[in-house]
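Visitor: Sequence first, then the predicted structure, then my questions.
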Amino acid sequence: MSKGGSGRIPLKQWDLAFAGYLGGDCRLLVGFHAFGKGQVASLGNLSKWAFLLTFAGVRLRTNFRDMSKQGLRPFIVGVIGEILIACLTFGLVVGANRTWGL
């Protein structure tokens, strides 16, 4: 809880990033049915630029000296996690393609 006594729980950066990711997914789902092809292409371009800006911001806050003190284990766990997420996402895309013919 916040110290001001308002009873509100402050949002952390991770919560905001997750909400943005979820919002982007919802935008894409709605976009396929509510917008024309040109508009969907423009939204896709906007999404790519937002993605690049996000990673530029992450890079600006990364301290490689602190990360090197942690060793290889967290890095390996992260790589394995990313590979599993990529496989899951690929499976979802293939399943959506078979179901809806995207």
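Guide: Received, thanks. Note that this is a predicted model, so its numbers are computed, not measured. Residues are numbered from 1 along each chain as shown.

Visitor: what domains does the record give for the chain?
Guide: 1-62, 70-102 (automatic domain parsing).

Visitor: Out of these, name the one with the poorest average pLDDT.
Guide: If you rank the domains of the chain by mean pLDDT, domain 1-62 sits at the bottom with a mean of 67.

Visitor: how near is residue 74 to residue 68?
Guide: From residue 74 across to residue 68, the span is 11 Å (C-beta to C-beta, to the nearest Å). For the C-beta atoms, the positions are set from N, CA and C on the backbone; glycine is no exception.

Visitor: For stretch 93-102, list the C-alpha coordinates in CSV.
Guide: Coordinates of each C-alpha in stretch 93-102 appear next as CSV, following Å, rounded to 0.1, in the frame of the first residue of the first chain:
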residue,chain,number,x,y,z
VAL,A,93,-0.1,-19.0,-34.3
VAL,A,94,-0.2,-22.4,-36.1
GLY,A,95,-3.4,-23.3,-34.2
ALA,A,96,-5.1,-20.0,-35.0
ASN,A,97,-4.1,-20.4,-38.7
ARG,A,98,-5.7,-23.8,-38.8
THR,A,99,-8.8,-22.7,-37.0
TRP,A,100,-9.5,-19.3,-38.7
GLY,A,101,-7.4,-19.5,-41.8
LEU,A,102,-5.4,-16.4,-41.1
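
Visitor: in this protein, which spans are strands?
Guide: Assignment of strands within the chain using DSSP state E yields no ranges at all.
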